[in-house]
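>>> Quick one: sequence plus predicted model below, questions after.
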Amino acid sequence: MENWQVVLIVLASVLVGALIPSLVMFTTVLYRAAREVTSIGTLIEPTLLKVQVISDRVEALSEGLEGGESSVAKLLSVIGELSRGLERNLKVINVASTVIAAAAPAVVAFIQARRAKDETGDHTNGS
């Protein structure tokens, strides 16, 4: 084996050794972020249901009012916009949670594959 090949193997081993803790930490961060996003999503859902109940009650009250219908209509419009905004945020949180949850196993699989490759001593680069 030539000197440049030995140097290349040593450099690759050092690089892989330095990347493993970073990848493990990144995976841990992704997993924790996914858990937090999921917990936030479960907290927003009851709030969204409460906003819907309030909207239904205000609508029922507004049916018997005279003269104040325009104010109640504006209030309902604002509540509806708030509800739609919360619903959009919940969808974004669900998508982010899904992406994070999908990325974490891929990172773990990559780390395990690299470790297995390093343990077998397969450090050649195809030559």
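That came in fine, so what should we check first?
>>> Would you pull up how far the host helix or strand of residue 99 lies from the middle of the chain?
Per DSSP states H and E: residue 99 is located in helix 69-120. Taking CA atoms, centre = their mean, to the nearest Å, one finds helix 69-120 lying 5 Å from the centre of the chain it belongs to.
>>> Tell me which other helices or strands it touches.
On a contact count with 3 or more CB pairs under 8 Å, 6 or more residues apart in numbering; DSSP states H and E, helix 69-120 meets helix 3-62. C-betas here are computed from N, CA, C, even on glycine.
>>> Mind giving me the packing neighbours of the helix it packs on?
helix 69-120.
>>> Give the rounded mean pLDDT of the helix it packs on.
Average pLDDT, helix 69-120: 79.
>>> Stretch 26-38 now?
Here the average pLDDT along stretch 26-38 is 84.
>>> ok, now stretch 55-62?
The average of the pLDDT scores along stretch 55-62 is 75.
>>> With just CA atoms, put that stretch into PDB.
Provided in PDB are the C-alpha atoms of stretch 55-62 (Å, rounded to 0.1, in the frame of the first residue of the first chain):
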ATOM      1  CA  SER A  55     -68.100  30.700  17.000                       C
ATOM      2  CA  ASP A  56     -71.200  28.500  17.000                       C
ATOM      3  CA  ARG A  57     -72.500  30.100  20.200                       C
ATOM      4  CA  VAL A  58     -72.000  33.700  19.000                       C
ATOM      5  CA  GLU A  59     -73.800  32.800  15.800                       C
ATOM      6  CA  ALA A  60     -76.700  31.400  17.700                       C
ATOM      7  CA  LEU A  61     -76.800  34.600  19.900                       C
ATOM      8  CA  SER A  62     -76.700  36.900  16.900                       C
END
